[in-house]
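Participant: here is my input; please provide its structure:
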Amino acid sequence: MASPSQASLLLQKQLKDLCKHPVDGFSAGLLDEENLFEWSVTIIGPPDTLYEGGFFNAIMSFPQNYPNSPPTVRFTSEMWHPNVYSDGKVCISILHPPGDDPNGYELASERWSPVHTVESIVLSIISMLSSPNDESPANVEAAKEWREQRDNFKKKVSQCVRRSQEMM
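Facilitator: Okay, here's the model as predicted:
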């Protein structure tokens, strides 16, 4: 079991690494300098996707036993996507607790593992924006629209992109 001090040290190291070696496509930092467990992340809509040109803000909250348990990621910017709940919470396999999936949808190898970092999590979210998984959606309406009414889906995403630009 990781102690809070181990989690703090690991998060400090990841923050330092991201400051020294920024990664294309996102920026990340602490929401409040006093709290290593709450990060503010801005994801730039990936090129050649419906989200291109957008600046989407999210909060990444780490548990005290990180990296044994995954953080949660919640968009604070408006987001229309099959794998994002209506409250903004991101639903991707690597953010699900480690071990076997009680619903049998995911392999244990697809779920959270302590080797994941802030960088690998955000890169997975960017990948999710590029290719939605509508098989087990968090937002059923968005998934349905993605499958059956792509033009409506595109319009809603365009609105989200526009609003995200206005917030900058």
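Participant: where do the helices sit along the protein?
Facilitator: Here the chain has its helices, by DSSP state H, at 4-20, 118-130, 140-148, 150-166.
Participant: count of residues packed around Trp36?
Facilitator: No Trp there; residue 36 is Leu. 20 (other C-beta atoms under 10 Å). Every C-beta, even on glycine, is put in place using the N, C-alpha and C of the backbone.
Participant: which of the residues in stretch 21-35 are buried?
Facilitator: Gly25, Phe26, Ala28 (16 or more other C-beta atoms under 10 Å).
Participant: and that stretch, average pLDDT?
Facilitator: In this model, stretch 21-35 carries a mean pLDDT of 94.
Participant: can you check stretch 79-99 too?
Facilitator: Mean predicted confidence for stretch 79-99 is 95.
Participant: quick one: that stretch to chain centroid distance?
Facilitator: 7 Å (C-alpha atoms, centre = their mean, to the nearest Å).
Participant: measure His96 to Gly45 for me?
Facilitator: Look at His96 and Gly45: by C-beta to C-beta, to the nearest Å, they are 24 Å apart.
Participant: who has more neighbours out of these two?
Facilitator: Taking neighbours as other C-beta under 10 Å, His96 and Gly45 compare with Gly45 leading, 21 against 18.
Participant: wait, the more buried one sits on Ser77?
Facilitator: No - shown here, Gly45 and Ser77 do not form a contact pair, counting by C-beta atoms under 8 Å, at 10.3 Å.
Participant: now the common contact residues for the two.
Facilitator: Between them, Gly45 and Ser77 share these contacting residues under C-beta atoms under 8 Å, 6 or more residues apart in numbering: Gly54, Phe55, Phe56, Ser164.
Participant: so which of these sit within strands?
Facilitator: Phe55, Phe56 (DSSP state E).
Participant: how many degrees apart are the top strand by length along the chain and helix 118-130 in direction?
Facilitator: Scanning the chain for the strand with the most residues, using DSSP E, yields strand 35-44. Comparing the axes of strand 35-44 and helix 118-130 via axes from the mean of the first three to the mean of the last three C-alpha atoms, to 10 degrees yields an angle of 30 degrees.
Participant: other SSEs contacting strand 35-44?
Facilitator: Contacts defined by 3 or more C-beta pairs under 8 Å, 6 or more residues apart in numbering; DSSP states H and E place strand 35-44 against helix 4-20, strand 26-32, strand 55-61, helix 118-130.
Participant: in the last one, what's buried?
Facilitator: Under the neighbour-count criterion of 16+ other C-beta under 10 Å, helix 118-130 has Val118, Ile121, Val122, Leu123, Ser124, Ile125, Ile126, Met128, Leu129 buried.
Participant: could you say what helices and strands it packs with?
Facilitator: Helix 118-130 sits against helix 4-20, strand 26-32, strand 35-44, strand 55-61, with contacts defined as 3+ C-beta pairs under 8 Å, 6+ apart.
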